[in-house]
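Engineer: Any chance you can model this:
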Amino acid sequence: MFLITVLIFVAMVGLVTAVGTKLYIRPKEAMERVAGVIGPADVQADHPSLAFHEIIKRLGNFVPQSPKDVTVMQRRLIRAGIRKEGALKVLYGAKVATGIIFPILVLTVMSGVSTDSGNRIAVALAAAAVGFFGPNEYVRRLAGRRQHQIARGLPNALDLLVVCVESGLGLDQAILQVSKELEHAHPEISEEFGFVNLELKAGKRRVEALRNLAERTGVDDLKKLVAVLIQADRFGTGVAQSLRAHADFMRIQARQVAEEKAAKLGVKLIFPIFFCILPSLFLVTVGPVAMKIVRELVPMMTNL
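Structural biologist: Numbering: from 1, shown residues only. Here you go, the predicted structure:
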């Protein structure tokens, strides 16, 4: 118990000292200002969030990174919409920070509870595992939520793309126009179409830019749309006709999915009805009768 308290105290003192040195003391900037290297106008106070971000990023440099894991996590960050430079290092730094902080918090909470040391070690290891793998789950959920938003806005984007192509615009101009029109309604798919336009302006082939779109998002419906566009471009068929046929297919597919969900609704309602509604009905209908029996029959039986 005393050793845990000392370790927590040393960790907190080191953290406060590092943050205070970074935010408030800043000896290097003070010496440069006195020596006249930089002027007072050039000295900008660091925001605490920026300092914390820098600390987390430096922690990420100490984590060993396998090429396979880096590729998977980088792809997951891109699908979550996080494309800033150093985002992967920040993720690994957050894993290290939470993997250290969670066990300390758990041991601090359990310091007032009389438990076996083996149980404390097991709980601390479980907290460390949760803290280390928690950021991965958070990024995965962000990616899944963004993919859901992209799939939700894809039918509207496809209909607008059909209208633009049939009105005489080329496919590249149509993608750019759809990106502009859906900027507020569906910002996720608008952003992805904007990246396609930027890649086309950078000199990439249309097929490569479309494949990058499918790989970047990981949405199945968008992969099907990309396959249709690539085949139409490769075999020389009409893009408008292909898009119209694919829009009809997606509309039929959406209707079938809605019908499937409606068919499953009755089965899914069994447990809420059984555990939530039936007890209330039973209490309302049988409750007064039970109260009457208790008030009238029980005294009669006791008198007999």
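Engineer: and residue 101, how many neighbours does it have?
Structural biologist: 15 (other Cβ atoms under 10 Å). The way it works is simple: take the backbone N, C-alpha and C, and place the C-beta from them, glycine included.
Engineer: Could you spell out which stretches of this protein belong to which domain?
Structural biologist: As assigned by automatic domain parsing, the chain contains the domains 1-46, 147-264.
Engineer: Tell me which of those lies nearest to residue 103.
Structural biologist: Across those, residue 103 has its closest neighbour in domain 1-46 (10.3 Å, Cβ to Cβ).
Engineer: what's the neighbour count on residue 230?
Structural biologist: 16.
Engineer: mind listing what residue 173 touches?
Structural biologist: residue 164 (Cβ atoms under 8 Å, 6 or more residues apart in numbering).
Engineer: same question but for residue 95, I mixed them up
Structural biologist: Here residue 95 is in contact with 63, 131, 132, 133, 134, 135, 136 (criterion: Cβ under 8 Å, 6+ apart).
Engineer: Adding secondary structure, neighbour count and pLDDT, write those out as JSON lines.
Structural biologist: Output for these, formatted as JSON lines (DSSP: H, G, I helix; E, B strand; the rest coil; neighbours: other Cβ atoms under 10 Å; pLDDT from 0 to 100):
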{"residue": "63", "secondary structure": "coil", "neighbour count": "16", "pLDDT": "64"}
{"residue": "131", "secondary structure": "helix", "neighbour count": "22", "pLDDT": "89"}
{"residue": "132", "secondary structure": "helix", "neighbour count": "19", "pLDDT": "88"}
{"residue": "133", "secondary structure": "helix", "neighbour count": "13", "pLDDT": "90"}
{"residue": "134", "secondary structure": "helix", "neighbour count": "15", "pLDDT": "91"}
{"residue": "135", "secondary structure": "helix", "neighbour count": "20", "pLDDT": "91"}
{"residue": "136", "secondary structure": "helix", "neighbour count": "15", "pLDDT": "90"}
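Engineer: Farthest-apart pair in those, please.
Structural biologist: 63 and 134 (14.8 Å).
Engineer: which residues of this structure fall in helices?
Structural biologist: 2-20, 27-35, 48-60, 67-79, 87-110, 117-166, 171-181, 187-201, 206-217, 220-235, 239-268, 270-272, 278-303 (DSSP state H).
Engineer: Compute the inter-axis angle for the fourth one and helix 117-166.
Structural biologist: Using axes from the mean of the first three to the mean of the last three Cα atoms, to 10 degrees, the direction of helix 67-79 lies 60 degrees away from that of helix 117-166.
Engineer: by contact count, what packs against helix 67-79?
Structural biologist: On a contact count with 3 or more Cβ pairs under 8 Å, 6 or more residues apart in numbering; DSSP states H and E, helix 67-79 meets helix 87-110, helix 117-166, helix 206-217.
Engineer: follow-up on the earlier one: most tightly packed of the domains of the chain?
Structural biologist: Highest mean neighbour count among the domains of the chain (mean count of other Cβ atoms under 10 Å): domain 147-264, with a mean of 16.
Engineer: would you list the helices and strands packed on helix 67-79 in CSV and tack on distance to residue 270?
Structural biologist: CSV is the format used below for the helices and strands packed on helix 67-79 (distance: least, Cβ to Cβ, whole Å):
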stretch, distance to residue 270
helix 87-110, 39
helix 117-166, 27
helix 206-217, 36
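Engineer: Check the ones you listed for me: which has the lowest mean pLDDT.
Structural biologist: Ranked on mean pLDDT, the bottom entry among the helices and strands packed on helix 67-79 is helix 87-110, at a mean of 86.
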